[in-house]
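*Asks:* model the structure of this input:
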Amino acid sequence: MIESILMALAGGALIGLAASAMLFFVGRVAGISGIYGGLLKPSTGDNQWRLMFIAGLLVGGGILMAFAPTVFQAPAGHSWMTIGVAGLLVGFGVRMGNGCTSGHGVCGLSRFSGRSLVATLTFMGAGFATATIVHLLTGGVL
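*Replies:* Have a look, this model is predicted:
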């Protein structure tokens with residue numbers, strides 16, 4: 001239990017440090033959906049830093065996979081298809097919400113954005129409700 005709390009604290013600190021460094025050194029908010037979405041626009045003209053950011057995510061994931069491959073195993077009872085569909089639904093929601101949890105929850109809240117507060121509360125509330133409903137419908141017990 002203590003180990004998972006320490007891992008969560010370390011992960012949160014690293015996310016905050018990375019988001020701060022991105023804002024300080026690049027002058028951009030570390031909102032993943034906006035960074036990736038900017039790559040899909042043909043005439044943005046600022047793709048170099050976006051490509052480097054995405055490459056860093058992929059390299060970091062590769063390093064984690066080399067040292068802790070169990071992290072990448074599908075959770076028990078869930079197929080890769082289910083996880084893929086969930087990812088597509090999250091992507092759809094991100095576009096509808098005009099941002100993601102990293103942009104609104106990490107970067108927006110730290111800048112005291114009211115819009116980000118509403119978005120983050122909506123994301124978390126919808127996630128909690130969806131997880132509860134799916135858990136109940138699949139025979140889980142709360």
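*Asks:* in which helix or strand would I find residue 88?
*Replies:* Element membership for residue 88 (DSSP states H and E) is helix 80-96.
*Asks:* contacts for that helix?
*Replies:* Residues from elsewhere that reach helix 80-96, judged by Cβ atoms under 8 Å, 6 or more residues apart in numbering: 33, 37, 74, 100, 123, 126. Just so you know, the C-beta spots here come from the backbone N, C-alpha and C atoms, and that holds for glycine as well.
*Asks:* so what does the helix or strand where residue 48 lies touch, helix or strand wise?
*Replies:* Assigned by DSSP H and E, residue 48 belongs to helix 47-67. If contacts are counted by 3 or more Cβ pairs under 8 Å, 6 or more residues apart in numbering; DSSP states H and E, helix 47-67 sits against helix 32-40.
*Asks:* list the contacts for the closest residue to residue 18 other than its chain neighbours?
*Replies:* For residue 18, ignoring the flanking residues on the chain, the nearest one in space by Cβ to Cβ, 6 or more residues apart in numbering is residue 30 at 6.5 Å. By Cβ under 8 Å, 6+ apart, residue 30 lies in contact with 18, 19, 22, 23, 53, 102, 103, 106, 107.
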